[in-house]
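> could you work out the structure for the sequence below:
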Amino acid sequence: MTLVKVEKQNQIAIVTIDNPPMNTLSPEVITELGTTFSELNADGSILAILITGAGEKAFVAGGDIKDFPQKIGNANLIASFMETHEVFNRIDFSPKPTIAILNGYTLGGGCELAIACDLRVAEEQAMIGVPECTLGLLPGAGGTQRLPRLIGEGRAKELLFTGEHLTANEAMKIGLVNRVVPKGQGLEAGLQLAKKICKNGPVAVRNIKKAVDEGLELPFQKALEREAELFQELFLTEDAKEGVGAFIEKRRPQYQGK
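Numbers count the residues shown, from 1 in each chain. Predicted coordinates:
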């Protein structure tokens, strides 16, 4: 049974996690996500990737807690945790812009998956949080690291310490999601956003993502130097020649991604 399904619409890939009833992140789902993103990251025809959950209940409602009891008392889990990190890094560091469509419960590992994406579109009924502390645990798929980088240390610690759930609108107020849309309209809103991105120079978008992601991990002066390197790269591309030429000639650019 395939738990992670892929549909391609022109230059956009839609990745759907289909693990009923709540699309939990079972080991099988994590493995399939890793394979899926290895393939999509290498697919030159895809310029943007959407991730959502099947059904109307959940984006991803967390990890598979039924597997947790067998881990209690096991002192040899770090390697398996790092395998999950490798999969989530494959999503986070994808050369393509990624958009999570939060169409229901987005909790625990589901929230961690969402914040591994570049952008998040939430339907109004979505509930978002990292409640692992209520189980005596912590978010172990990058949540303690990505969440503070996204919304700031204080707000992140409040969510991590309390385990409270946020509504979609509350999440947008603190920058955890980019947009809130009515129930059932998340995928279409995500597609429209992806289409706007795909109209722009693909190499430019890729370098912008690199500049932001890499720059956040560097001292400011080093980050500016990295930006300069990536800017220089673009001036050597056919896309830059086409984009500037199209602007001067008052026509729509026809980018080739090179």
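> my read is I14 is in a strand, agree?
Yes: applying DSSP: H, G, I helix; E, B strand; the rest coil, one finds I14 inside a strand.
> does it touch L50 like I think?
Yes: between I14 and L50 there is a contact under C-beta atoms under 8 Å: 4.8 Å. To be clear about C-beta, it is placed using only N, CA and C from the backbone, and glycine gets the same treatment.
> between the two, tell me which one has more neighbours.
Neighbours around I14 and L50, counted as other C-beta atoms under 10 Å, are more numerous at L50. The numbers are 25 against 20.
> and for the residue nearest to T35 when sequence neighbours are not counted, the neighbour number?
Sequence neighbours aside, V4 is the residue nearest to T35 in space, at 7.9 Å (criterion: C-beta to C-beta, 6 or more residues apart in numbering). Neighbours of V4 under the rule other C-beta under 10 Å: 20.
> and what about S94, helix, strand or coil?
Put simply, S94 is coil when judged by three-state DSSP.
> and the pLDDT for the closest residue to it other than its chain neighbours?
Setting aside the residues directly before and after it, S94 is nearest to N41 in space (C-beta to C-beta, 6+ apart), at 5.1 Å. Looking at N41, its pLDDT is 97.
> run through the residues that contact N41.
N41 makes contact with 90, 94-96 under the criterion C-beta atoms under 8 Å, 6 or more residues apart in numbering.
> and for F93?
D213 are the contacts of F93 under C-beta under 8 Å, 6+ apart.
> roughly how far apart are it and S38?
Applying C-beta to C-beta, to the nearest Å, the value for F93 to S38 is 12 Å.
> could you do L176 as well?
The gap separating L176 from S38 is 28 Å, by C-beta to C-beta.
> one more: A48?
Taking C-beta to C-beta as the measure, A48 falls 17 Å from S38.
> how about L216?
L216 sits 24 Å away from S38, taking C-beta to C-beta as the criterion.
> also K8?
Taken as C-beta to C-beta, the span from K8 to S38 is 16 Å.
> same deal with P131?
In this view, P131 and S38 are 30 Å apart by C-beta to C-beta.
> neighbour count: the two, which is higher?
Taking neighbours as other C-beta under 10 Å, P131 and S38 compare with P131 leading, 18 against 13.
> so the more buried one touches H165, yeah?
Yes: contact criterion C-beta under 8 Å: P131 and H165 qualify, at 7.1 Å.
> what residues do the two have in common as contacts?
L107.
> identify the contacts common to I14 and L50.
Looking at what touches both I14 and L50 (by C-beta under 8 Å, 6+ apart), the common residues are 187, 191.
> now do the helices in the stretch 1-150 of the chain.
Secondary structure of the stretch 1-150 of the chain by DSSP state H, counting those that start in this stretch: the helices cover 27-41, 78-92, 109-115, 143-151.
> now for these, which one comes closest to L236?
Set against L236 and scored by C-beta to C-beta, the helices of the stretch 1-150 of the chain come closest in helix 27-41, at 22.8 Å.
> give the buried residues for the closest one.
Neighbour-count burial for helix 27-41 flags 29-30, 32-34, 36-37, 40 (criterion: 16 or more other C-beta atoms under 10 Å).
> ok, these vs G55, which is closest?
V29 (14.2 Å).
> I figured K258 hits A204, correct?
No: K258 lies out of contact with A204 (C-beta under 8 Å); the separation is 11.7 Å.
> those two: who's more crowded?
Between K258 and A204, counted using other C-beta under 10 Å, the more crowded position is A204 (19 against 10).
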